[in-house]
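Trainee: give me the fold of what follows.
(chains A and B)
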Amino acid sequence: MAATTHDVHDGHGEHHHGPAKGLGRWLFTTNHKDIGTLYLLFSLLMFLVGGSMALIIRAELFQPGLQLVDPHFFNQMTTMHALIMVFGAVMPAFVGLANWMLPMMVGAPDMALPRMNNWSFWILPFAFTMLLSTLFMPGGGPASGWTLYPPLVLQTGDAFPFVILAIHLMGISSIMGAINVIATIFNMRAPGMTLMRMPLFVWTWLITAFLLIAVMPVLAGAVTMLLTDRYFATSFFNAAGGGDPVLFQHIFWFFGHPEVYIMILPAFGVVSQIIPTFSRKPLFGYHSMVYATAAIAFLSFIVWGHHMFTVGMPLTAELFFMYATMLIAVPTGVKVFNWVATMWRGAMTFETPMLFSIAFVILFTIGGFSGLMLAIAPADFQYHDTYFVVAHFHYVLVPGAVFSIMAAVYYWLPKWTGHMYNERLSRIHFWLSVIGVNVLFFPQHFLGLAGMPRRVPDYALQFTEWNMVSSIGAFIYGISQLLFVYIVIQTIRAGDKATDRVWEGAHGLEWTVPSPAPYHTFDKPPKISTADAHG
Amino acid sequence: MHIKCLARFCAVLTSGVLLLWSMAAVAESGWLQLNMPRGVTAVSREVYDLHMLILWICVVIGVLVFGVMFYSMYFHRKSRGVKPAQFHESTKVEVVWTLVPLFILVGMAVPATKTLITMEDTRDTEMTVKITGYQWRWQYEYLDQDISFFSTLSTPREQIYNLAEKNTDYILEVDNPLVLPVDTRIRLLTTSADVIHSWWVPDLGWKRDAIPGFINDNWTLIEEPGIYRGVCAELCGRDHAYMPIVLHAVSKEEFAEWVQQQQQSTAISAAH
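Mentor: Okay, the predicted model is just below:
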């Protein structure tokens, strides 16, 4: 309540409390809400760019043979699609949500390090401009897959150093974002907001931030070694010079597996906010949710080898990575069971955020099942590098991470804009997305099991039918995201006035401030009541 | 107006599906390609059984969990006038749904471990073939028979660029297939001369990366004669999709004959 009264009383101080005018506002802003908006809009733009690349891929794969693009360009598309979706769409979207929501959820006036916050965002447009510009360089963009395995990646043309530098910039941006999250959560919580009272979205982001700080420097090290291998005659990954190409894979996946959880833990947090709200019932097993998140984060550091079962590791290493990976199913299962238990005997309504969250739980779990199958090393010798893997990680990333971002946007958009979105259109968006995504990715399980390798522009004739289905799903899903863009713009410009609480069952500090949330909230720390702690 | 639009959309969709379906009936092809092949080795069948076991366990868990969810979504909705319960913690159930999955996992790990140990045991093989990946073809060297040749895609470019009708084995055909005897424990070494490739014939039940500077050790024992096709599974550049593997598994006698032929033709070309 402090923030509301503050704005009313402080009318004369407007010049240093409202947003600046014009472009300068966005360039120089240190306001967590402005920066959150920038991150989210940037992420949306990258989602559309990366999505267009996916549609090029699916269009080429609609039929066997080479129709639309050259295989080299196809490989650039698979590589760029992944880099852009991972580093440009999913990660910035979660950082945007963190910027908007974390201070409001813990009762802080802003992020702890607002200037660094501005910097960490404004690095990104430059990083991605540079990355995208490589497509126009001699030899084209990177075409080695986003995993950048040497020696193949060393065959990249002039684009090579630009790709490496772009990745460095993205890493720096992520690390700064993570430092900011940790500093905010540890230092800026309102009195009475103890750690075990924090909303689960705050918890999952705190753990995610530690993962980011732990592994982004590892990626930076790996790509720097690639750079020196190429330009300074080192042989880290060059067998002929005494190096080891597999070493790169170990380092990459030591980063890469925690990276996967960097993209999914905040999604767990979002869903853990939304399901209780629309079930009108507190989250079941709050403590076990926190412990499960921490357990998943810990396990993420010791399972990287399951990405490389086929490189020829010793038997004992394969056994270790298989067992450790299977263990992840336990805390992940706990989370799913807790969500179901939260819904159990609630009084549910199914507004769009809830629809996306339920779809998340079901479809993410399907991705989890295929993940468990992939953990079984002897079976992975068959699954590895096939469309089965493609289906698996798209199930956890698209109806997983991306659906949770959609859910979060619909859930908090009324708080951000002060307007309700169009419920009818958003439901159409949901149903088109959920149908599209399953038509797109489910047949890829079949393709992979039947023997179609990943990252190919052409395939044997027996894969024609399911590839066609998959491509049709891709265009349904892809085009329906334009509807999402329309709904968001429509909501920003107009719409029914949202109440402060917005949702009947909503709990948490963000719902105690007006809608739209004023430019500055919680200049004075709020009083924490048990009801407003972790919804 | 709205309903009409929807009806029209449904009609278009249905006719599209029907069209696809009839096309499928005519071509009589890939719709039924849904699962992993059982393969032609003891190992590939073990892998297949393991795959099916885990799949069914996942299906059962999925049906149970989603069943509870859908039950709840139907009966515990506000529109039915229910009042929400307020329970939110139970150590007992948390312990149960931590331990039960753990036991299920142990149940999966036991057969998986057995299979893995069998697959990694490369002792006691009767002959050795060294497989080297190149951008974009395979080289096969029979170390005991002193035979060596390259195996390259034989599908004509016209078919790839849709200028000619595609063969049944489109991009799964080569000039010189790998010929191996059945009922023989064969050691297959994989390595590479340039970037990383991965040698994969699904009917053998495994793939293994071909890495420059490394020699990976694998074995197989093919039980049925036949032609088995595979692909490179690790992205290796522009023509990654165009370096297939064709494996002819023949009887021991036929293999001996083939070896003799090969050695003769090498001898002749050496003499010239």
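Trainee: which one is whatever residue of chain A ends up closest to chain B nearest to, not counting chain neighbours?
Mentor: Across chain A, the shortest distance to chain B (Cβ to the nearest Cβ) belongs to A:A239, at 2.2 Å. C-beta coordinates here come from the backbone N, C-alpha and C atoms, glycine included. Nearest residue to A:A239 in three dimensions, chain neighbours excluded: B:G213, at 2.2 Å (Cβ to Cβ, 6 or more residues apart in numbering or on different chains).
Trainee: tell me the SS of residue 85?
Mentor: Assuming you mean chain A. The three-state label given to A:M85 by DSSP: H, G, I helix; E, B strand; the rest coil is helix.
Trainee: the chain in question should be chain B.
Mentor: Per three-state DSSP, the local secondary structure of B:A85 is coil.
Trainee: now do it against A:E351, distance only.
Mentor: B:A85 is 21 Å from A:E351, where distance means Cβ to Cβ, to the nearest Å.
Trainee: more neighbours: which of these two?
Mentor: Legend: neighbour count by other Cβ atoms under 10 Å in any protein chain shown for B:A85 and A:E351, higher for A:E351 (20 against 15).
Trainee: the more buried one touches A:Y421, doesn't it?
Mentor: No: contact criterion Cβ atoms under 8 Å: A:E351 and A:Y421 do not qualify, at 9.7 Å.
Trainee: shared neighbours, the two?
Mentor: A:Y410 (Cβ atoms under 8 Å, 6 or more residues apart in numbering or on different chains).
Trainee: quick revisit: assess the claim that the residue of chain A closest to chain B and B:I196 are in contact.
Mentor: No: using Cβ under 8 Å, A:A239 is not in contact with B:I196; the gap is 10.6 Å.
Trainee: quick check: neighbours shared by those two?
Mentor: Listed contacts common to A:A239 and B:I196 are A:P245, B:I211, B:P212; contacts here mean Cβ under 8 Å, 6+ apart.
Trainee: break chain B into its domains for me.
Mentor: Following automatic domain parsing, one gets these domains for chain B: B:2-77+B:96-120, B:127-271.
Trainee: re the thing from before, can you report how many residues lie near the residue of chain A closest to chain B?
Mentor: Number of residues near A:A239 (other Cβ under 10 Å) recorded here: 18.
Trainee: low pLDDT regions in the stretch 151-272 of chain B?
Mentor: Across the stretch 151-272 of chain B, the ranges flagged by pLDDT under 70 are B:270-272.
Trainee: show me where it has helices.
Mentor: Under the criterion DSSP state H, counting those that start in this stretch, helices of the stretch 151-272 of chain B are mapped to B:157-160, B:252-271.
Trainee: quick one: which of those helices is nearest chain A?
Mentor: When these are compared by Cβ to the nearest Cβ, helix B:157-160 sits nearest chain A, at 5.6 Å.
Trainee: tell me which other helices or strands the closest one touches.
Mentor: Packing partners of helix B:157-160 (3 or more Cβ pairs under 8 Å, 6 or more residues apart in numbering or on different chains; DSSP states H and E): none among the helices and strands.
Trainee: run the chain-centre distance for that helix.
Mentor: 25 Å (Cα atoms, centre = their mean, to the nearest Å).
Trainee: buried set for it?
Mentor: Applying a neighbour-count criterion of 16 or more other Cβ atoms under 10 Å in any protein chain shown, one finds B:Q159, B:I160 buried in helix B:157-160.
Trainee: and for stretch B:181-192?
Mentor: Neighbour-count burial for stretch B:181-192 flags B:P181, B:V182, B:I186, B:R187, B:L188, B:L189, B:T190, B:T191, B:S192 (criterion: 16+ other Cβ under 10 Å).
Trainee: so what's the first one up against?
Mentor: Taking Cβ under 8 Å, 6+ apart as the contact definition, B:P181 lies against B:M127, B:I222, B:A249, B:V250, B:S251, B:K252, B:E254, B:F255, B:A256.
Trainee: please tabulate these in JSON lines, including the columns distance to B:F66 and neighbour count.
Mentor: As requested, these are exported to JSON lines (distance: Cβ to Cβ, whole Å; neighbours: other Cβ atoms under 10 Å in any protein chain shown):
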{"residue": "B:M127", "distance to B:F66": "50", "neighbour count": "17"}
{"residue": "B:I222", "distance to B:F66": "41", "neighbour count": "25"}
{"residue": "B:A249", "distance to B:F66": "43", "neighbour count": "26"}
{"residue": "B:V250", "distance to B:F66": "49", "neighbour count": "18"}
{"residue": "B:S251", "distance to B:F66": "50", "neighbour count": "12"}
{"residue": "B:K252", "distance to B:F66": "52", "neighbour count": "11"}
{"residue": "B:E254", "distance to B:F66": "52", "neighbour count": "15"}
{"residue": "B:F255", "distance to B:F66": "52", "neighbour count": "20"}
{"residue": "B:A256", "distance to B:F66": "57", "neighbour count": "13"}
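Trainee: quick check: A:T499 touching A:S515?
Mentor: Yes: with contact defined as Cβ under 8 Å, A:T499 reaches A:S515; the gap is 6.5 Å.
Trainee: and the closest residue in space to A:L61 that isn't next to it in sequence, how far from A:L66?
Mentor: In space, and not counting its chain neighbours, A:L61 is closest to A:N467: 5.1 Å by Cβ to Cβ, 6+ apart. Distance, A:N467 to A:L66, by Cβ to Cβ: 14 Å.
Trainee: and these two? Which one has more around it.
Mentor: Comparing A:N467 with A:L66 by neighbour count (other Cβ under 10 Å), the higher total belongs to A:N467, at 22 against 17.
Trainee: pretty sure the more buried one is touching A:G448, no?
Mentor: No: contact criterion Cβ under 8 Å: A:N467 and A:G448 do not qualify, at 11.6 Å.
Trainee: contacting residues for residue 46?
Mentor: You didn't say which chain, so I picked chain A. Taking Cβ under 8 Å, 6+ apart as the contact definition, A:M46 lies against A:I84, A:M85, A:G88, A:A89, A:P92, A:F128.
Trainee: correction: the question concerned chain B.
Mentor: Applying Cβ under 8 Å, 6+ apart, one finds that B:E46 lies in contact with A:P378, B:T115, B:T118, B:G205.
Trainee: and A:I84, by the same measure?
Mentor: Contact analysis of A:I84 by Cβ under 8 Å, 6+ apart lists A:M46, A:V49, A:G50, A:M53, A:F128, A:L131, A:L132.
Trainee: contact residues of the stretch 101-250 of chain A facing chain B?
Mentor: Residues of the stretch 101-250 of chain A lying near chain B by Cβ under 8 Å from any Cβ of the partner chain: A:143-145, A:149, A:151-152, A:155, A:239-240, A:243-246.
Trainee: can you do 6 Å?
Mentor: Residues of the stretch 101-250 of chain A lying near chain B by Cβ under 6 Å from any Cβ of the partner chain: A:G145, A:P151, A:L152, A:A239, A:P245.
Trainee: how about the strands in the stretch 1-150 of chain B?
Mentor: Assigned by DSSP state E, counting those that start in this stretch, the strands in the stretch 1-150 of chain B fall at B:127-134, B:137-142, B:147-151.
Trainee: for chain A, that is, sorry about that
Mentor: Assigned by DSSP state E, chain A shows no strands.
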